[in-house]
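>>> Next come a sequence and a model predicted from it.
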Protein chains: 2
Amino acid sequence: MWAELSTCLDLDAGVIVGAPVVRRHLSDLAGCFADRAAYAALRAGEDPLLYTVSGVEAADGAGDLHYGLGVLFPGRVGGEYFMTKGHLHARRDAAEVYIGLRGEGCMLLEDEATGESRMEPLGQGRVVYVPGHAAHRTINTGRVPLVYIGVYPADAGHDYGAIAAKNFRMVVVERDGKPAMVARDGLNIQQ
Amino acid sequence: MWAELSTCLDLDAGVIVGAPVVRRHLSDLAGCFADRAAYAALRAGEDPLLYTVSGVEAADGAGDLHYGLGVLFPGRVGGEYFMTKGHLHARRDAAEVYIGLRGEGCMLLEDEATGESRMEPLGQGRVVYVPGHAAHRTINTGRVPLVYIGVYPADAGHDYGAIAAKNFRMVVVERDGKPAMVARDGLNIQQ
């Protein structure tokens, strides 16, 4: 007998109906943003909700898949856009497909071995393939919530520690009104 | 170096821009529809396009994923709605996640071992989890094209033969203006 196989997306509420929701606030992303002063200033005032992920784990066998709906709110910390913590998969060769449903943004990818980095557009009507061994972070470069679905092997797992320890080499900031990927090292701010 | 990681969905054209497209006409579904007379009559007149699938196979490693955009047109053959051929995965335990983007329809699922069948809603804002070992067929029960994305393990493979040989036990037909799943055996027509 199969369990529940069908779910309903409520894009206005930003959830998969009936699925558990994880909420990440600014305080959960300590150390992620390059501009420490801007982060501290924003933290002092409030602790805004940055994003939510609602996930479905229908089965856990070798060929199974999990999926989640992410909602990433618009905003900035200094020049840097609101973003997710970012992670590698615990099973390093596990890929992920991200499908943009609403809003405007990008994925920042960084190959764990080579450091190769990419900024790939993710927004309504865009799909990003995250290869194995790539740390990945979602970034909202627009003015409305960025809503997307991620699908990944059930045994992928999430490793937040490896990338948190060294952070991504690149950051995505606004330059002349547009998102640009620049080296964290080269930022002219106190980090 | 990564290859192309990002694609663009053109939902009006029904394609993933730049991806190869497979087109299935009525003649490709010989033997699928229950009502042979209705099928023959429709075949005599023309050979309508039933659906297209545009697919992306970014990588083929153990943890990789493939995805495709399906567009299934509205229509009927006798009482039965336009549908896909249906398949099992060659790697039987491989699951698939279907995400409905436009239109109205359902997935017909049949467990290969037990024959357990399900009709799960698939349309805009609906997601269907296809477990391993389940033959699955997409059905358009509405009046506009049903557009959806399917994501599956790169090594899933497609086995059309196993389910084509015996066909699905159940069919989805219109009953009192609504889709209903009924036993193929119990249909009061010449098959």
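On my side now, so go ahead.

>>> can we go C-alpha only for contacts and neighbour counts from here?
OK.

>>> how about the residues of chain A that lie near chain B?
With C-alpha under 8 Å from any C-alpha of the partner chain as the criterion, chain A comes near chain B at residues A:1, A:5-11, A:58-59, A:61-65, A:93-97, A:116, A:120-121, A:125-132, A:151-153.

>>> So which elements touch the longest helix along chain A?
In chain A, taking DSSP state H as the definition, the longest helix is helix A:36-45. Packing contacts for helix A:36-45, counted by 3 or more C-alpha pairs under 8 Å, 6 or more residues apart in numbering or on different chains; DSSP states H and E, involve strand A:76-77.

>>> Phi and psi next, for residue A:94.
The phi/psi pair for residue A:94 (degrees, to the nearest 10) reads phi -80, psi 130.

>>> Tell me how many other residues crowd the spatially closest residue to it that is not a sequence neighbour.
Once flanking residues are discounted, residue A:94 sits nearest to residue B:63: 4.1 Å by C-alpha to C-alpha, 6 or more residues apart in numbering or on different chains. Neighbourhood size, residue B:63 [other C-alpha atoms under 10 Å in any protein chain shown]: 22.

>>> Just after the lowest-mean-pLDDT helix or strand in chain A, pick out the following helix or strand.
Across the helices and strands of chain A, the lowest-confidence element by mean pLDDT, DSSP states H and E is helix A:161-166, at a mean of 91. Going down the chain from helix A:161-166, the next helix or strand is strand A:170-175, by DSSP states H and E.

>>> pLDDT weak spots in chain A?
Scanning chain A for pLDDT under 70 picks out A:191.

>>> Nearest to the middle of it, which residue? Look it up for me.
residue A:138 (3.0 Å; C-alpha atoms, centre = their mean).

>>> Contact partners for that residue?
Shown in contact with residue A:138 (C-alpha atoms under 8 Å, 6 or more residues apart in numbering or on different chains): A:72, A:83, A:84, A:86, A:105, A:106, A:107, A:108.

>>> so it bridges to which residues?
residue A:107 (DSSP bridges).

>>> show me the contacts for the residue nearest to residue A:20 when sequence neighbours are not counted.
Spatial nearest neighbour of residue A:20, excluding adjacent residues (C-alpha to C-alpha, 6+ apart): residue A:54 at 5.6 Å. Residues counted as contacts of residue A:54 (C-alpha under 8 Å, 6+ apart) are A:15, A:16, A:19, A:20, A:21, A:22, A:68, A:69, A:70.

>>> Could you tell me which of the residues you listed are located in strands?
Per DSSP state E, strands hold the following members of the contacts of residue A:54: A:15, A:16, A:21, A:22, A:68, A:69, A:70.

>>> Spatially nearest residue to the second one (excluding sequence neighbours)?
Counting by C-alpha to C-alpha, 6+ apart, the nearest residue to residue A:16 once its immediate chain neighbours are dropped is residue A:9, at 4.6 Å.

>>> The one you found: how many residues sit nearby?
Neighbour count of residue A:9, defined by other C-alpha under 10 Å: 21.

>>> Which neighbouring elements make contact with the strand or helix carrying it?
Using DSSP H and E, the element containing residue A:9 is strand A:6-10. If contacts are counted by 3+ C-alpha pairs under 8 Å, 6+ apart, strand A:6-10 sits against strand A:15-16, strand B:126-130.

>>> any chance of those strands in JSON lines, plus mean neighbour count?
Shown next, in JSON lines, are the helices and strands packed on strand A:6-10 (neighbours: other C-alpha atoms under 10 Å in any protein chain shown):
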{"stretch": "strand A:15-16", "mean neighbour count": "22"}
{"stretch": "strand B:126-130", "mean neighbour count": "24"}
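
>>> Ok, which of those comes nearest residue A:143?
Each of the helices and strands packed on strand A:6-10 has some distance to residue A:143 by C-alpha to C-alpha; the shortest is strand A:15-16, at 19.5 Å.

>>> List the strands paired with that closest one, with their directions.
Paired neighbours of strand A:15-16 in the sheet (DSSP bridges): strand A:6-10 (antiparallel).
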